[in-house]
Structures are given as structure tokens and as C-alpha cells.
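Asks: just coords:
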């Protein structure tokens with residue numbers, strides 16, 4: 001299916017996401033939460049919900065928008081993710097999301113689509129916003145406009161203020177997908193091979209969740225209410241079982257972030273990234 005360039009501006013209907021405390025805990029486990037993060041794992045303490053959960057209620061609306069965008073599904077790769085938080089997620093509840101196709105761009109060899117999703121609670125109050133940037137590896141060179149230039153967030157030339165190292169499990173993608181992202185690229189070896197990978201890759205949004213946990217641990221005392229924004233680009237795949245290493249610098253009112261793996265320290269899997277606290 002070819003890219004539908006007329007999809008820009010399309011808005012989805014309201015998509016409802018109801019979740020139990022068990023769903024919040026399953027998400028926490030999917031992004032690597034451990035026993036020392038008990039507030040996120042135990043219903044008698046809420047549970048607290050990681051701010052990166054913002055991508056979960058946004059799934060249905062983003063998928064509905066992608067269906068209108070079209071493109072070759074075998075070439076879809078998650079390029080970048082941004083979330084903005086306006087209030088903490090409750091331990092369970094009902095959320096309503098609306099997605100919009102914000103842009104479709106020509107990268108010559110590839111194409112890019114940007115989907116923006118707004119999520120509100122049952123009372124209509126704004127909870128979060130999410131922006132998904134998707135690369136279509138087989139759908140470029142259609143004569144469209146180039147994407148707007150992204151702001152650059154480069155780490156300063158000094159030692160990081162915080163380093164968070166954590167091993168993913170070989171089953172990390174199998175666990176994370178239970179929160180709603182069932183793309184077979186992340187579990188089916190045959191699909192991964194057809195997409196150009198020698199094995200299933202970890203969800204970019206799973207890595208995103210690991211980075212979110214690193215920020216909360218290093219700078220926010222594990223208080224999810226303090227994180228106001230998280231943004232970055234996925235540059236290299238992560239293989240389930242690798243060890244993620246996130247370096248963080250407090251710089252000019254932002255936390256600049258860069259993540260590699262211990263196995264491939266010179267290959268950054270998540271970069272041009274930052275977090276905002278408030």
C-alpha cells in the first residue's frame with residue numbers, strides 16, 4: 001500500500017483505554033522495573049505509574065492514524081518519540097485519546113510520518129501528549145517536502161552526572177508486547193529476517209521506558225509527578241538480553257540523555273534526547 005499523502009491533518013475518533021492496576025504493573029515489568037521500585041509494582045501503594053505509560057493509551061489512536069497513512073508495513077521503524085505530561089497517571093482508570101497525522105515527509109530514500117496523540121482523563125482533563133515519528137524504509141522519493149529540522153541535544157564534553165546500567169532479559173520484548181504493541185517484528189524471527197534483522201529487536205518504546213526509569217531514579221527520587229517531558233531518537237536496534245547504559249547530564253535546564261548498550265558502547269541506540277522536570 002502506497003503512502004497516502006492526503007492523510008495529513010486526519011484526526012481519529014476518540015479511542016478509549018481502560019486499564020486496571022494489573023495493567024500498570026505489567027507495563028512496569030515490561031520496562032524492567034525491579035523489586036526496589038515496589039511503589040510501581042504493588043497495588044497497596046497505588047500503584048504509581050511510570051510517565052512513559054503515556055504511549056500505551058496512545059497506541060490505538062496512533063495505529064488508527066497509521067492505517068490512514070498507509071505505506072509498506074515491512075519497512076516501518078520507530079524513529080523518535082516524545083511525551084509531555086500534564087498530570088500523573090492514576091493507578092487505574094479510563095483515558096480517551098485522539099490521534100492526528102501531523103506530517104508526512106520525503107527523506108528521498110525513505111519517508112517519515114509524524115502522529116500526534118492527545119490523551120485526556122474521564123473528566124476531560126489533559127493528561128498527556130505523545131508524538132510518534134515513524135520511518136518508512138521502502139516508501140521514499142515521492143517528491144514531498146523534507147521534514148522540519150529537529151533541535152539538537154548533544155551531551156556536554158564532561159563526565160555525566162548520572163549513569164544507569166541495566167540488563168534487559170532475552171524475553172524483554174515478549175513481556176513488553178503484552179502492554180499492547182503486538183508488532184511481530186519484536187517476537188517472530190521470520191518477520192525480523194524479512195525486515196532485514198538477524199533476530200527480533202526490542203521495542204523502541206521499551207528502551208524509552210528504561211530511559212524514563214533512569215531519569216526518575218537519578219533526578220526525581222522515583223516521583224513520576226516530577227517528569228514533564230521526555231524526547232529522543234531511536235538510532236540503533238537493541239537486541240533483547242543486551243545491557244542498556246543511559247548517561248545523563250543536567251544542562252541548561254534540561255537533562256540531556258544518551259543511551260548505548262554495554263555490548264556496543266560506541267553505538268548509541270537512543271540519542272538527541274532530553275527530559276524536563278518540574
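Replies: Structure received. Given the structure is predicted, the values throughout are model-derived calculations rather than measurements. Residues are numbered from 1 along each chain as shown.
Asks: The stretch 51-200 of the chain: strands as residue ranges?
Replies: Assigned by DSSP state E, counting those that start in this stretch, the strands in the stretch 51-200 of the chain fall at 76-85, 93-106, 111-121, 126-136, 162-167.
Asks: Now do the second one: which elements does it pack against?
Replies: Here strand 93-106 touches strand 15-19, helix 59-69, strand 111-121, going by 3 or more C-beta pairs under 8 Å, 6 or more residues apart in numbering; DSSP states H and E. For glycine as for every other residue, the C-beta is placed from the backbone atoms N, C-alpha and C.
Asks: sec struct for the closest residue to residue 171 other than its chain neighbours, please.
Replies: Spatially, and ignoring its direct neighbours in sequence, residue 171 is nearest to residue 240 (6.8 Å; C-beta to C-beta, 6 or more residues apart in numbering). Applying DSSP: H, G, I helix; E, B strand; the rest coil to residue 240 yields a three-state assignment of coil.
Asks: how many other residues sit next to residue 240?
Replies: Counted with other C-beta atoms under 10 Å, residues neighbouring residue 240 total 21.
Asks: Let me see the contact set for it.
Replies: Contacts for residue 240 (C-beta atoms under 8 Å, 6 or more residues apart in numbering) come out as 168-174, 200-202.
Asks: Can you lay out the residues you listed as CSV showing distance to residue 99, neighbour count and pLDDT?
Replies: CSV is the format used below for these (distance: C-beta to C-beta, whole Å; neighbours: other C-beta atoms under 10 Å; pLDDT from 0 to 100):
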residue, distance to residue 99, neighbour count, pLDDT
168, 29, 23, 98
169, 31, 11, 98
170, 33, 11, 97
171, 30, 11, 98
172, 27, 26, 98
173, 24, 24, 98
174, 26, 14, 98
200, 26, 24, 96
201, 24, 24, 96
202, 24, 22, 97
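Asks: nearest to residue 134, of those?
Replies: Nearest to residue 134 among the contacts of residue 240 is residue 201, at 15.0 Å by C-beta to C-beta.
Asks: Quick check: closest non-adjacent residue to the closest one.
Replies: residue 237 (4.1 Å).
Asks: What pLDDT does the model give that neighbour?
Replies: Reported pLDDT at residue 237 in the predicted model: 94.
Asks: Give me the secondary structure label for residue 255.
Replies: Classification of residue 255 using three-state DSSP returns strand.
Asks: same deal with residue 207?
Replies: Put simply, residue 207 is helix when judged by three-state DSSP.
Asks: pretty sure it contacts residue 270?
Replies: Yes: with contact defined as C-beta atoms under 8 Å, residue 207 counts as touching residue 270 (5.6 Å).
Asks: Find residues that contact each of the two.
Replies: 234, 259.
Asks: Those two: which is more packed in?
Replies: Neighbour count, other C-beta under 10 Å: between residue 207 and residue 270, residue 207 has more, with 29 against 24.
Asks: where's the more buried one relative to residue 9, distance?
Replies: In this structure, residue 207 and residue 9 are 30 Å apart, going by C-beta to C-beta, to the nearest Å.
Asks: now swap in residue 138 and tell me
Replies: Note on residue 138: its distance to residue 9, by C-beta to C-beta, is 24 Å.
Asks: neighbour count winner among the two?
Replies: residue 138 (13 against 9).
Asks: Grab the nearest non-local neighbour of that one.
Replies: Sequence neighbours aside, residue 75 is the residue nearest to residue 138 in space, at 3.7 Å (criterion: C-beta to C-beta, 6+ apart).
Asks: Make sure the one you found is actually in contact with residue 136.
Replies: Yes: look at residue 75 against residue 136 with C-beta under 8 Å: they come within range, at 5.3 Å.
Asks: Quickly list what's touching both of those two.
Replies: residue 110.
Asks: need the contact list for the nearest residue to residue 61 once chain neighbours are set aside.
Replies: Spatial nearest neighbour of residue 61, excluding adjacent residues (C-beta to C-beta, 6+ apart): residue 99 at 3.3 Å. Contacts for residue 99 (C-beta under 8 Å, 6+ apart) come out as 11-12, 15, 58, 61-62, 64-65, 115-117.
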